[in-house]
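Undergrad: Below: sequence and its predicted model.
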Amino acid sequence: MKKKYTTYLRILKCEKRMQEVDEKLEMLRSKKAEALLKHQKMPESVIKVNSVEEFNKILKDYPDKIIIIDFWAVWCGPCMFFAPIFKKLHEEFQNDFIFLKVNVDENPSVAMKYQITGIPTTLFIKNGEIVNKIVGAMNYDGMKKVLVKLK
């Protein structure tokens, strides 16, 4: 009887050790997943959003990054003035931020979600929250100062 009891205790200890190992492995997997997300490859170009679903996926895919969104329209003169500035900022800061362009005529629901009433409007979003908003076309130096501050 004593031999069976000792064997039973050994099995319990073994099971407890296995559970501890499983918990440590799960913790390591979580840390690895977090590290991969942090080093996620940044888009090489400005992303032109074509749908609400695409917009939401980008927000979900890059929760820890600041996403800079240019709300614009083809018929908007100041938007056309701002477009090359936005592109130049992307070229300079593409490793720090995600850059999106949302045409308000093609994606009115995205514009309505953020209460965009004037264009161009530049939104800065991180973790689903607006961290900055600029209404109107800003020159390169002014925008660069904002990005350096947010970096």
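TA: Great, that's in hand.
Undergrad: Could you find the closest non-adjacent residue to the residue nearest the centre of the chain?
TA: By Cα atoms, centre = their mean, the mean C-alpha position of the chain lies nearest to residue 62, the distance being 2.3 Å. Taking Cβ to Cβ, 6 or more residues apart in numbering, and ignoring the residues beside it in sequence, residue 62 has residue 98 as its nearest neighbour in space, at 5.2 Å. For the C-beta atoms, the positions are set from N, CA and C on the backbone; glycine is no exception.
Undergrad: Can you give me the distance of the one you found to residue 14?
TA: Applying Cβ to Cβ, to the nearest Å, one obtains 48 Å for the distance of residue 98 from residue 14.
Undergrad: And those two? Which one has more around it.
TA: The residue with more neighbours, out of residue 98 and residue 14 and counting by other Cβ atoms under 10 Å, is residue 98; that gives 22 against 10.
Undergrad: distance between stretch 69-83 and the chain's centre?
TA: Averaged C-alpha coordinates place stretch 69-83 at 23 Å from its chain's average position (Cα atoms, centre = their mean, to the nearest Å).
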